[in-house]
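In: need a 3D model of the following:
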Amino acid sequence: MTTILFVCVHNAGRSQLAAGLAAARAGSDVTIVSAGTEPDAAVSQTVLASLAEIGIDRSDQVPQLLTDELAARADVIVALKPGLDLPAHDRVDVWPLPDPASWDVEGIRPLRDHIDSLVADLLAVTSRTR
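Out: Predicted coordinates:
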């Protein structure tokens, strides 16, 4: 079993997009988790709407705090912003992505599609290294 942890600041936008897309693509041998260094109270409604329009329901998600214990359980940590304060880890990938906090659904679609291609590549590499 491989665990991938997606991390951004608020665990309301980028990391939720990535986790939703990865969970939809991943097989049963991959666990997908997301967290934030300063989590918001709720996932962005725009992010949820963007995922819903491609058939992914993440309405049950609640932003969670990144902890050392959560990071230790991950095989890969994907930071969706450079410079995040992350626990030490053997494998950290950094995807420098813009913060979609004030974007509408139309504006977020290109970011969602870009993250989806990054997720597909990550899952392909991860499946080859297991």
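In: in this protein, which spans are helices?
Out: Using DSSP state H, the helices of the chain run over 14-25, 45-52, 68-73, 105-129.
In: closest one to residue 91 among those helices?
Out: helix 105-129 (9.9 Å; Cβ to Cβ). In short, each C-beta sits where N, CA and C put it, glycine included.
In: quick one: the closest one to helix 45-52, angle?
Out: 60 degrees (axes from the mean of the first three to the mean of the last three Cα atoms, to 10 degrees).
In: just the mean pLDDT for helix 105-129, thanks.
Out: Mean pLDDT, computed over helix 105-129, is 93.
In: buried residues in that helix, which are they?
Out: 108, 111-112, 115-116, 118-119, 122-123, 126 (16 or more other Cβ atoms under 10 Å).
In: from the middle of its chain, how far away would that helix be?
Out: Relative to the chain's own centre, helix 105-129 is displaced by 10 Å; criterion: Cα atoms, centre = their mean, to the nearest Å.
In: what's that helix packed up against?
Out: Contact here means 3 or more Cβ pairs under 8 Å, 6 or more residues apart in numbering; DSSP states H and E; on that basis helix 105-129 packs against strand 2-8, helix 14-25, helix 45-52, strand 76-79.
In: touching it from outside, list them.
Out: With contact meaning Cβ atoms under 8 Å, 6 or more residues apart in numbering, helix 105-129 is reached by 2, 4, 14, 17-18, 21-22, 25-27, 30, 46-47, 49-51, 53-54, 75-76, 78, 93, 95, 97-98, 100, 103.
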